[in-house]
Structure formats: structure tokens, C-alpha cells
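From the sequence below, what's the structure:
(one chain, ligands or ions: 3)
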Amino acid sequence: MDVVRTVADLRAALPQKGVGFVPTMGYLHRGHLALVARARQENPFVAVSIFVNPLQFGPGEDYHRYPRDLDRDRALLEEAGVDLLFAPSVEEMYPAGFSTRVSVEGPLAALWEGAVRPGHFQGVATVVARLFLLVAPTRAYFGEKDYQQLLVIRKMARDLGFPVEVLGVPTVREADGLALSSRNVYLSPETRAKANVLYRALSAMREAALGGGSVAEALRAGEGVLWEVPEFQKDYLALVHPETLLPLSDWVPGARGLVAGRFPGVRLIDNLEVHP
Ligand SMILES: Nc1ncnc2c1ncn2[C@@H]1O[C@H](COP(=O)(O)OP(=O)(O)OP(=O)(O)O)[C@@H](O)[C@H]1O
Ligand SMILES: CC(C)(CO)[C@@H](O)C(=O)[O-]
Ligand code: BAL
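Ligands and ions are numbered 1, 2, ... in the order given. So this is what the prediction gives:
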């Protein structure tokens, strides 16, 4: 596997076509490796980026303490058969004077994560647009764990006409249901034991839906689970349309449950298809 740090070296190392691309912020886990495995299966050449993107973090957020371990990540990617790792510096991605932003307007990016983290999706869309232009992938892979991010990026790529297929990969979970996330390392052992409350709330909503309950009943079932864990400070729990992310009053096929909130020192998000 080649490792490149500059845009010039990246351009020199890339083939003209057939690139499968997995953008990440590093500190890799089995969730990232599932994206890499899928890219490996479907493309002759696989490129991964590791870049902790300052533009997508708000002022009080964890940009500076976000976990980083490039040597370990590099070994994992080598083992997974990746062809090229792009690990640029902040100055390489945003040279002095860089002032362009890419922004998806409307509820898709303004609701949920967009409301709790103002500017977040503008930072994500800006870096992903720049990465797509640099890497020119045929296919790009994103985790369903960040479901709203997947939809925002897909919309950005369609609106701007990037010739890339944006593909979602199912969420990889721990045995107790907790979605794998780089931020799980912030959890204390006591909090870790309760951190599957997000998945349990989503599962309770799904059970209510499968049992014939209404949207309101399913939401109450999810809220009931969250109430059992007062350390979890909810940002939102919602049942939404799987494409528009607008809140539902009645079921639609593929209805999605979304949940996010904070344990002391760590913010977690999760989602699940609730209605078949
Ligand atoms: N558990 C998971 N299953 C599948 N994909 C995942 C999982 N966790 C992250 N991903 C995907 O990996 C890609 C890179 O994500 P990122 O590097 O931000 O990791 P993360 O674990 O989501 O970290 P964070 O703590 O920032 O949420 C994204 O497309 C993300 O959706
Ligand atoms: C897509 C992404 C790599 C953009 O920085 C990031 O938001 C992530 O890791 O999910
Ligand atoms: N995985 C989403 C990136 C972020 O939380 O900033």
C-alpha cells in the first residue's frame, strides 16, 4: 500500500478509473473495515483517506482530542488490501486563503444533526466535495451509522453532478447492539455498560411497529427505554421518512428511527430501519 500526504503525490498515484473510495477520520474499527471490504470486492483499486476535518467540528466540540493513531490505521489498511492511503495535513487540504464552502440547503441537512451541530454538514459536504475532486472515485462508501450524512452526501453528489456512485453500508455493532464508533473510546466502563440504550430504544420502536403499533406508540416505547438511563441526555429521538428525514405521523415503508444524545464526555448517534 502506498501512503501519500500531498495532493501532487495523490494525483500521481491514482489510476484513471475504477477507484473505490472510503473517506474516514481514522482511528479505524470494524465498521470502517466493513466499508473497505465492500470497496475491495467491488473495485480494482481501493483508496482510503484519513483526515480529521476541522471544518465539521463546532467550537465546543472534540476536534483536538479526537482519537488519532496513524501507524495502527496504516497496518490495518495494509492488511485489508488497500492500494492507497491519502493522509493529508490540514494545510494540504485547506491551503492558506481557502474560503470555499459547499452547503446542502433545506431540511435534509438542517434537521437532526444539522440542528444540534450548526455548520457540521457544510463542513462535511465541503471536505467530501474536495476529496471527490481529488480522488475521482467511481464508487464511494459511507456507513449507515451516519445515516443523515449518507443522504446529505448523496444529495450533494447528485446536485453537483459528481460522476460517483454513493453507496451505504450497514452499521456494524458490538454484541450488545452498540454501534461501533471511534468515539466509543471516550466511554468509561460504567457508561459503556449502558451505551447500548440507543440501540435498545430503536429496537423497542421497531418491535412496537412490527406489533402493529402507531408511530406515536412506537415513539413512546423508545422514550420509555431512554428514561431508564438518566445519564443519557437525549438530543432527539424521531421516526422519519427514510429519504426526506421529515418526521412521520403515519408509517411509510422503510421508516427510520433516529436517536442521538450525550453521556458524560461523549456524544453518540444511531439509527435503524423501524418499519419494513
Ligand atoms: N459502526 C459502523 N458501521 C458502519 N460504518 C461505520 C460505522 N462507524 C462509522 N462508520 C462509517 O465510517 C466512515 C468514517 O466514519 P468516522 O471516521 O467518522 O468514524 P466513526 O466511528 O463514525 O467516528 P465518530 O466517532 O466520528 O462517529 C463513515 O462513513 C461512517 O459512517
Ligand atoms: C465523511 C467524513 C470522512 C468527512 O470528514 C466524516 O464525516 C466521517 O468520517 O464520517
Ligand atoms: N462520523 C461523523 C463525523 C463526525 O461526527 O464529525
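
quick one, strands of this protein?
2-4, 19-24, 45-50, 84-86, 139-143, 165-169, 233-240, 256-263, 266-273 (DSSP state E).

Tell me which of those strands lies nearest to Pro118.
strand 233-240 (12.9 Å; C-beta to C-beta). Heads up, the C-betas are built off the backbone N, CA and C, glycines and all.

circling back: want to try CSV for the strands of the chain, with mean pLDDT and distance to Leu70 as columns?
Listed next are the strands of the chain as CSV, based on pLDDT from 0 to 100; distance: least, C-beta to C-beta, whole Å:
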stretch, mean pLDDT, distance to Leu70
strand 2-4, 97, 9
strand 19-24, 98, 12
strand 45-50, 98, 7
strand 84-86, 98, 9
strand 139-143, 98, 20
strand 165-169, 98, 23
strand 233-240, 98, 31
strand 256-263, 98, 27
strand 266-273, 98, 22
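
will you turn the ones you listed into TSV that also has distance to Pro59 and mean neighbour count?
Formatted as TSV, the strands of the chain follow (distance: least, C-beta to C-beta, whole Å; neighbours: other C-beta atoms under 10 Å):
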stretch	distance to Pro59	mean neighbour count
strand 2-4	31	16
strand 19-24	23	25
strand 45-50	24	26
strand 84-86	27	24
strand 139-143	26	23
strand 165-169	29	18
strand 233-240	17	18
strand 256-263	16	22
strand 266-273	15	21
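
And those strands: which comes nearest Ser214?
Here strand 233-240 is closest among the strands of the chain (C-beta to C-beta), at 10.1 Å.

Near ligand 1, which residues of this structure? Just list them.
24-25, 31-32, 34-35, 142-143, 145-146, 169, 171-172, 179-183 (C-beta under 6 Å from any ligand atom).

Show me the helices in this protein, by range?
Counting by DSSP state H, one finds helices in the chain at the ranges 7-13, 30-42, 70-79, 90-93, 107-110, 113-116, 120-135, 147-160, 189-192, 197-210, 215-227.

quick revisit: want to try CSV for the strands of the chain, with distance to ligand 2 as columns?
Converted to CSV, the strands of the chain look like this (distance: least, C-beta to the nearest ligand atom, whole Å):
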stretch, distance to ligand 2
strand 2-4, 17
strand 19-24, 4
strand 45-50, 7
strand 84-86, 11
strand 139-143, 6
strand 165-169, 11
strand 233-240, 17
strand 256-263, 14
strand 266-273, 11
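
pretty sure Glu165 is in contact with Phe142, am I right?
No: using C-beta atoms under 8 Å, Glu165 is not in contact with Phe142; the gap is 11.2 Å.
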